[in-house]
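>>> got a predicted structure plus its sequence, pasted below:
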Amino acid sequence: MDRPTSQPRASNRTTSRPTTRRQFLRKSAVTAFTIVPASALGLGGALAPSERLNIAGIGVGGQGGADLGQMTSESIVALCDVDWAHAAGTFNRFPAAKRYKDFRKMLEEEKGIDAVVVATPDHTHAVASMAAIKLGKHVYCEKPLTHSVLEARKVAEAARERKVATQMGNQGQASEETRRLCEAVWAGAIGPVREAHVWTDRPSQGLFNEYWPQGVDRPKDQPAAPETLDWDLWLGPAPSRPYHPAYLPFRWRGWWDFGTGALGDIGCHALDPVFRALKLGHPLSVQASSTRVNVETFPLGSMVTYQFPARGDMPPAKVVWYDGGLRPPRPEALPDGEPMGDNGRLIVGDQGFILGNRLYPEARRSEVGDVPKTLPRSPGHYREWIEAAKGGKPTGSSFDWAGPLAEVVLLGNVALRVQLREKLTRAKLLWDPAGFKVTNLPEANEHLHSPYREGWTL
C-alpha cells in the first residue's frame with residue numbers, strides 16, 4: 001500500500017494532538033532500538049494489548065474461523081455470522097468477542113476495530129470488504145476477491161485510495177513453492193514460455209460429487225430455514241429466493257447467484273503462481289468451452305483459454321484452465337508411468353517444461369542444476385497482513401495484485417455464461433482493460449456485474 005514517504009516535522013508548540021490507535025500501531029512497527037520494560041510486553045514476550053490489532057470477522061463459520069485461528073497474536077474483538085449455529089465453534093473459541101448477524105451493524109457499533117477478515121460466500125465479499133475499506137479498516141478477504149469482474153476493479157481502487165493494508169486468501173502465494181517456480185522460470189530453466197495449463201478435479205470427484213453440485217436446476221420444494229439462520233442476511237445483495245439446504249453450507253459455490261464455480265474457487269490459488277512466474281497482466285482474449293450450462297449453476301466441466309500479449313522480454317503466452325476432471329494431454333517428454341494428477345500445473349517452455357514443481361526432460365534438469373534463490377521469503381501469509389496493518393511493507397496478495405488477478409479469473413466465468421454460449425462458438429471475447437469492456441460482443445458486458453438487491457450497495 002502507498003504510505004507517506006516522510007513524517008511531519010516536529011512543532012515548537014507545547015500542546016499536541018492525541019495519537020490515534022492506528023498511528024500508534026504504525027509507530028510501534030517501525031521504531032527500532034526502543035527499550036521496553038518486559039512487564040509491558042505481556043506474558044512470554046507477547047505483544048502488549050495496546051500493540052495488537054483489533055480484528056473483526058465477517059463470516060466465521062467455516063474458512064473464516066480457520067483464518068482467525070491464524071491471527072491469535074492479535075485481539076479478536078467482534079464476530080459476525082448469519083448462522084450462529086454454524087459459527088458456534090468460532091464463537092466458543094473467542095468468547096470475549098461481541099457477536100453480530102449483520103456486518104453493517106457491527107461496523108457501525110464497533111468503533112475500535114482496526115482490521116476485518118471477510119470469509120462470507122463469494123456474493124457478499126465485495127459489499128463487506130468495501131464497507132470496511134470505506135471506514136479505513138484493513139481488510140483480509142478470502143478468495144476469490146469478489147463475485148464479479150466489476151467488483152474486483154472497484155474494491156482494489158477503493159483500497160488503494162484509502163491506503164489500507166489488504167490481503168486476499170490465496171495462501172500459497174507466500175509459499176516456497178511459488179518462489180522456486182518464479183526463480184526457475186526467470187532463470188531461463190525451460191527457456192521462453194509460450195503456454196501454461198492448470199487443472200482441477202473440482203467441482204466433483206467420481207460419482208459421489210464430493211465437493212458441490214453443478215449442472216443442476218433450482219430445487220422446487222421450500223423447506224423452512226433453520227431458526228439460527230437469518231436467510232435474508234445470507235442472501236445479502238443476491239436476488240431473493242426461498243431458502244433451501246441445496247445452497248449452504250459450502251454448496252453455494254456452484255450457483256451463479258452466490259458462487260464462482262470451480263474456476264473462481266480454485267483459480268485464484270492455482271493460477272496465482274503462473275501469473276507471477278510469467279508476469280501476466282490482463283489478457284487480450286478469453287474463450288471457453290464446457291458441458292451444458294444453465295442459468296442456475298456452473299457446468300460440470302469446462303476449459304477456459306486466455307491469450308496474453310508479450311511482456312518485456314517474455315513472448316505472448318496462452319494459459320488454459322481445466323476443471324471437472326479435465327486436463328491437458330501428456331507432454332511427449334514425460335516418462336511413462338509418471339502421473340499428471342487430478343490437480344496440477346504445467347508450464348511449457350522452448351527448452352523443457354515444469355510439471356508441478358519438477359523440471360523435464362531429465363537431461364535439461366541435469367543441465368540447469370540448482371537455480372539460485374533470488375527472491376525474499378515470506379514471514380507467512382497471515383503474518384504479512386498483520387505486519388502490513390501495523391505499517392510494514394505491502395502483502396504479497398494485496399488488492400493491487402489480487403484485484404487484477406480476480407478480474408482475469410472471473411472473465412473466464414463471463415465466457416461460460418449460457419446466455420453467450422452460442423455466439424461464443426463463433427467468436428472469443430476481446431478484452432479492453434483500460435476501457436473495462438468486451439469490445440466485440442457488447443452483450444457480454446452485462447455479465448461483468450450483476451445488479452444488487454434493493455438495500456445493498458457497493
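Right, received. Where do you want to start?

>>> report the spatially nearest residue to the residue most central in space within the chain, omitting neighbours in sequence.
In the chain, the residue lying closest to the centroid (CA atoms, centre = their mean) is Lys143, at 2.6 Å. Distances taken as CB to CB, 6 or more residues apart in numbering put Cys268 closest to Lys143, at 3.9 Å, once the chain neighbours are dropped. All C-beta spots, glycine's among them, are computed from the backbone N, C-alpha and C.

>>> surely the one you found meets Cys141?
No: under the criterion of CB atoms under 8 Å, Cys268 is not in contact with Cys141, lying 10.7 Å apart.

>>> now do the shared contacts for the two.
Met168, Ala402 (CB atoms under 8 Å, 6 or more residues apart in numbering).

>>> right, and the residue nearest to the centre of the chain touches Asn170 too?
Yes: judged on CB under 8 Å, Lys143 makes contact with Asn170 at a distance of 4.9 Å.

>>> what's the overlap in contacts for the two?
With CB under 8 Å, 6+ apart, Lys143 and Asn170 have common neighbours Cys268, His269, Ala402.

>>> kindly reformat those as CSV containing secondary structure and distance to Arg276.
Compiled in CSV, the shared contacts of Lys143 and Asn170 are given as follows (DSSP: H, G, I helix; E, B strand; the rest coil; distance: CB to CB, whole Å):
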residue, secondary structure, distance to Arg276
Cys268, helix, 12
His269, helix, 12
Ala402, helix, 12
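
>>> could you export the residues you listed as JSON lines, including pLDDT and distance to Ala119?
Below are the shared contacts of Lys143 and Asn170 laid out as JSON lines (pLDDT from 0 to 100; distance: CB to CB, whole Å):
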{"residue": "Cys268", "pLDDT": "95", "distance to Ala119": "14"}
{"residue": "His269", "pLDDT": "96", "distance to Ala119": "15"}
{"residue": "Ala402", "pLDDT": "98", "distance to Ala119": "14"}
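
>>> tell me the one among these nearest to Ala126.
Using CB to CB, Ala402 comes nearest to Ala126 of the shared contacts of Lys143 and Asn170, at 12.2 Å.

>>> ok so, going back, pLDDT score assigned to the residue nearest to the centre of the chain?
Per-residue pLDDT puts Lys143 at 97.

>>> quick revisit: neighbours of the residue nearest to Lys143, how many?
27 (other CB atoms under 10 Å).

>>> give me the distance between it and Gly89.
According to CB to CB, to the nearest Å, Cys268 and Gly89 sit 25 Å apart.

>>> re earlier: do you know how far the residue nearest to Lys143 is from Gly59?
17 Å.

>>> burial of Trp212, as a residue count?
22.

>>> typed the wrong thing, it's Pro335
For Pro335, using other CB under 10 Å, the count is 9.

>>> need the contact list for Glu195.
So Glu195 contacts Ala317, Lys318, Val319, Val320, Val348 (CB under 8 Å, 6+ apart).

>>> so in terms of bridging, what pairs with it?
Here Glu195 sits in beta bridges with Lys318, Val348, going by DSSP bridges.

>>> mind listing the helices for this structure?
21-30, 63-69, 88-93, 103-109, 122-134, 149-162, 176-186, 231-235, 261-270, 272-278, 362-368, 381-389, 399-415 (DSSP state H).
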